[in-house]
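Participant: Just a sequence and a predicted model for now, questions to come.
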Amino acid sequence: MLYKYKGIKLLTSAVLLGLLIAGCKKIEEGFLSDGLYVPDTPIKVQRGNAFQKTNAILADGTTQPMTVKLLDIRRADNKKHADEFYKEYPVYVYTAAVDPAKDTTIELVNKKRELKKMQPYVFLASGQFVFNGATDSLPLGVTYEYDVEVSNVAGSKVYKNIGTLTTIDPPLVTETTANCNFFPDDGSPTVPMGAPVMTITRVSESGASVILKITDKDGKTFNPKKGEIIKRGDRPIFENYARFHPIEYTDTAMICNFEIAPFPLSRYSNGGTNWNYLMYYRIPSAFVSVDKNLSSKIGSVNPLFAFRLMKAGTYVVELRMPKTVKVTP
C-alpha cells in the first residue's frame with residue numbers, strides 16, 4: 001500500500017513538473033495565413049486614368065496590423081522584371097479641378113496643374129495599387145504578375161504571383177449620338193433625314209486634337225472656312241466645348257486642340273438649358289441639295305451630334321450626311 005502511494009505521488013510530481021516546464025515555453029503570438037489573396041485580380045490597369053485604386057489584400061484571418069511590401073512586378077510572358085513600371089514619366093498633376101466655364105485659357109489651366117515625373121503607381125501598405133496618368137506610357141495589352149511580402153507580429157512571409165495586372169485602354173469614345181433634319185427655306189414643316197453616319201478614328205496616341213469633318217453622302221467635305229457650315233441660332237457648337245485653344249478652320253475641317261481628356265470635359269449649359277454634349281450646325285441651301293424622294297424643295301441641312309473622347313490623342317471625326325449632295329454655287 002505504501003509503494004502504491006509513493007507511485008501516485010511520483011506520478012503527480014512528474015505531471016506538475018511537465019506543466020511547469022510547458023508553462024515556461026514562449027507562446028507564439030499572432031497568425032499569418034497562407035491564404036492571403038487579391039480580391040480584384042486580374043486587375044485591369046486603365047492606361048491614362050488619372051486615378052485608379054485597387055482593393056486591399058484580404059487577410060484571411062491574419063492578425064492585424066499587417067504590412068504589405070511590393071517585391072517585384074514582371075511580365076507574365078517572359079518572367080522578366082517589368083522596368084516600365086519602375087521608370088518615371090511626365091504627367092500633369094492637378095492641384096484643383098479645372099472648370100471650363102471659368103478656366104477658358106491655357107494660362108488659367110496651367111495655374112491648376114504641374115508637370116511632374118512619376119512612376120505609374122504608388123503601392124500602399126494595405127496591398128493596394130494607386131495608378132495615375134503615367135500608366136498611359138505603359139504598353140497596351142500586356143499581363144504582369146507580382147510578388148509581395150506580408151509582415152505582422154507573427155513574422156513575415158513571401159507570396160509569389162499573388163496577383164496579375166493587365167494594361168487596357170478604357171473605351172475611347174462615349175456619348176455618341178447623331179441626327180439630321182431638312183429645313184425648307186419657305187418655312188414649311190421640317191423633314192427628318194435620318195441619322196448621319198459618324199465615324200471616329202484615333203489616328204495617333206500623341207497630341208490632343210479633334211479634326212471634325214462634315215461631308216455629303218459621297219464623302220465630299222463642306223468648307224467651314226467659306227461658310228458652308230454655320231452655327232444654328234443660340235445652340236452650342238464645337239467651339240463651345242473647346243475652351244482652352246481657338247478653333248482652327250480649314251477648307252475641309254474644324255480642328256480643336258482640346259488639351260485635357262476627356263473631351264468635352266463637361267456638359268454645356270446655357271440660359272438654364274443643359275445641352276449635354278450636343279453640337280448643332282447648319283449647311284445653308286446654297287451649298288447642298290437633298291434627295292428628291294425626301295423633298296423637292298430648297299432648304300438647309302441641319303445636323304446635330306455629340307461624342308466624348310475619353311483619352312488624349314489625335315482623332316478624325318467624320319459626320320457623313322445622308323441623302324445629301326454638296327453643291328458649288
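Facilitator: Noted; the coordinates are in hand.
Participant: Nearest the geometric middle of the chain, what residue?
Facilitator: For the chain, the residue lying nearest the average C-alpha position, counting by CA atoms, centre = their mean, turns out to be Asn49 (4.3 Å).
Participant: Helices of the stretch 1-150 of the chain, residue ranges please.
Facilitator: 2-24, 106-110 (DSSP state H, counting those that start in this stretch).
Participant: chain center to the last one, what's the gap?
Facilitator: On the basis of CA atoms, centre = their mean, to the nearest Å, helix 106-110 is displaced by 22 Å from the centre of the chain it belongs to.
Participant: Who are the packing partners of that helix?
Facilitator: In terms of contacts (3 or more CB pairs under 8 Å, 6 or more residues apart in numbering; DSSP states H and E), helix 106-110 is not packed against any helix or strand. (Glycine included, C-beta is placed from N, CA and C.)
Participant: Please identify the buried residues of it?
Facilitator: Taking 16 or more other CB atoms under 10 Å as the basis for neighbour counts, the residues of helix 106-110 that come out buried are Val109.
Participant: what's next to that helix, contact-wise?
Facilitator: Applying CB atoms under 8 Å, 6 or more residues apart in numbering, the external contacts of helix 106-110 come out as 98, 102-103, 244-245, 259-260.
Participant: if we go to 6 Å?
Facilitator: By CB atoms under 6 Å, 6 or more residues apart in numbering, the list of residues contacting helix 106-110 from outside reads 98, 103, 244.
Participant: I'd like the distance between the first one and Ser206.
Facilitator: It stands for Val98. 21 Å (CB to CB, to the nearest Å).
Participant: Comparing these two, which residue is more hemmed in?
Facilitator: When Val98 and Ser206 are compared on other CB atoms under 10 Å, the one with more neighbours turns out to be Val98, at 18 against 9.
Participant: Can you give me every residue that contacts the more buried one?
Facilitator: Contact criterion CB under 6 Å, 6+ apart gives 109, 112 as the residues in contact with Val98.
Participant: before we move on, what about the one 5 residues further on?
Facilitator: Residues in contact with Asp103, defined by CB under 6 Å, 6+ apart, are Val109.
Participant: Next, it: phi, psi?
Facilitator: The phi/psi pair for Asp103 (degrees, to the nearest 10) reads phi -90, psi 80.
Participant: if I look at it, how far off is Ser285?
Facilitator: Noted for Asp103: a distance of 39 Å to Ser285, by CB to CB.
Participant: With pLDDT and distance to Asn276 as extra columns, can I get the contacts of helix 106-110 in CSV?
Facilitator: As requested, the contacts of helix 106-110 are exported to CSV (pLDDT from 0 to 100; distance: CB to CB, whole Å):
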residue, pLDDT, distance to Asn276
Val98, 89, 19
Asp103, 89, 20
Phe244, 90, 20
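Participant: Nearest to Glu175 among the residues you listed?
Facilitator: Within these, proximity to Glu175 (CB to CB) peaks at Val98, which comes in at 18.9 Å.
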